[in-house]
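Participant: here are the coordinates; sequence isn't available:
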């Protein structure tokens, strides 16, 4: 069964709220809230379909947009492929041209609205920033480490993976407690990259699994109220992460890196191809910095993850 290709728009107002529309009761998934959009017709490309659907549904003109996430979801009666784009600029005031109710919703409240299953990964993508900091070296020297972390957070880092493989469990717990307080002060989320035995003993916003940890798990190790992320290097690991219910992944290496010269980089084409088969936000990692964010997004990624490019020297 070929999937139905759907163009989907994420429209944000000046207050940062997202526009949702409610499906008519008589339609497929009727009564549920969704991000506006519709089917890509024959002889249309995605951009043409996006502009036409939003004009017909909401009476506004899409001016500029960029990819956010692609999702393929199989319902019992049909399969859909959603190409979701963030609308960067539009003209006009949205109105329910087909009589559908509209509502502006804060990003934090999106999960409170009943939605089709295919739309749910979009909510995670909207909550995540386009940079994911993996903490740098020398975690045993706590004061300099925390100073570098604070400088990084002051540069608008909002998502942090606390990685300190050389520490004992007790040392990691002490570092995590101080780092978490610092992240909270700056409004950033911190995920712990630690032994699975430490997960319930650390205050954190979530857990980041290594690829080895990922392969050993059959159940989600944290509650749905916390973020779960994973490191992946191939399609098999991405599929394992999806089966486990991971919220987002890091896929590497995209480009060659000095730290892992033996690794064969994926390149942007293979990175993009891998993402077509998973329904979750994915960060590109490996030889990247902030200037690669637009390229990562065009390839279907959430943004970039990095150590040296995002880790400040305190």
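Facilitator: Great, that's in hand. Keep in mind it's a predicted model, so treat the numbers as computed, not measured.
Participant: drop to CA atoms for contacts and neighbour counts, all remaining ones
Facilitator: OK.
Participant: Got phi/psi on residue 284?
Facilitator: phi -90, psi 140 (degrees, to the nearest 10).
Participant: now residue 285
Facilitator: Dihedral angles of residue 285 (phi, psi; degrees, to the nearest 10) stand at phi -140, psi 140.
Participant: Also residue 67?
Facilitator: Torsion angles, degrees, to the nearest 10, at residue 67: phi -60, psi 140.
Participant: Could I get the contacting residues of it?
Facilitator: 83, 84, 85, 86, 297, 298, 300 (C-alpha atoms under 8 Å, 6 or more residues apart in numbering).
Participant: so where do the helices sit in this protein?
Facilitator: For the chain, the helices defined by DSSP state H cover 46-58, 120-127, 142-153, 169-185, 211-216, 235-244, 267-275, 293-298.
Participant: Would you format the ones you listed as JSON lines with mean pLDDT included?
Facilitator: Putting the helices of the chain into JSON lines (pLDDT from 0 to 100) gives the following:
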{"stretch": "helix 46-58", "mean pLDDT": "97"}
{"stretch": "helix 120-127", "mean pLDDT": "95"}
{"stretch": "helix 142-153", "mean pLDDT": "95"}
{"stretch": "helix 169-185", "mean pLDDT": "96"}
{"stretch": "helix 211-216", "mean pLDDT": "94"}
{"stretch": "helix 235-244", "mean pLDDT": "95"}
{"stretch": "helix 267-275", "mean pLDDT": "95"}
{"stretch": "helix 293-298", "mean pLDDT": "95"}
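Participant: now the ones you listed as CSV including mean neighbour count and distance to residue 33?
Facilitator: CSV is the format used below for the helices of the chain (neighbours: other C-alpha atoms under 10 Å; distance: least, C-alpha to C-alpha, whole Å):
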stretch, mean neighbour count, distance to residue 33
helix 46-58, 20, 14
helix 120-127, 17, 11
helix 142-153, 18, 35
helix 169-185, 17, 32
helix 211-216, 15, 33
helix 235-244, 19, 24
helix 267-275, 17, 25
helix 293-298, 19, 26
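Participant: Distance to residue 159 added to those, as TSV?
Facilitator: Output for the helices of the chain, formatted as TSV (distance: least, C-alpha to C-alpha, whole Å):
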stretch	distance to residue 159
helix 46-58	30
helix 120-127	10
helix 142-153	9
helix 169-185	9
helix 211-216	19
helix 235-244	19
helix 267-275	21
helix 293-298	15
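Participant: And for residue 63, the neighbour number?
Facilitator: 11 (other C-alpha atoms under 10 Å).
Participant: In terms of pLDDT, where does it sit?
Facilitator: Model confidence at residue 63, given as pLDDT, is 97.
Participant: same question, the one 5 residues further on
Facilitator: Residue 68 is assigned 94 on the pLDDT scale.
Participant: Next one: it from residue 130, what distance?
Facilitator: Taken as C-alpha to C-alpha, to the nearest Å, the spacing of residue 68 relative to residue 130 amounts to 10 Å.
Participant: joint contacts of the two?
Facilitator: By the contact definition C-alpha under 8 Å, 6+ apart, residue 68 and residue 130 are jointly contacted by residue 302.
Participant: residues near residue 251, how many?
Facilitator: 26.
Participant: ok, it - contacts?
Facilitator: Residue 251 touches 231, 232, 233, 234, 271, 282, 283, 284, 285, counting by C-alpha under 8 Å, 6+ apart.
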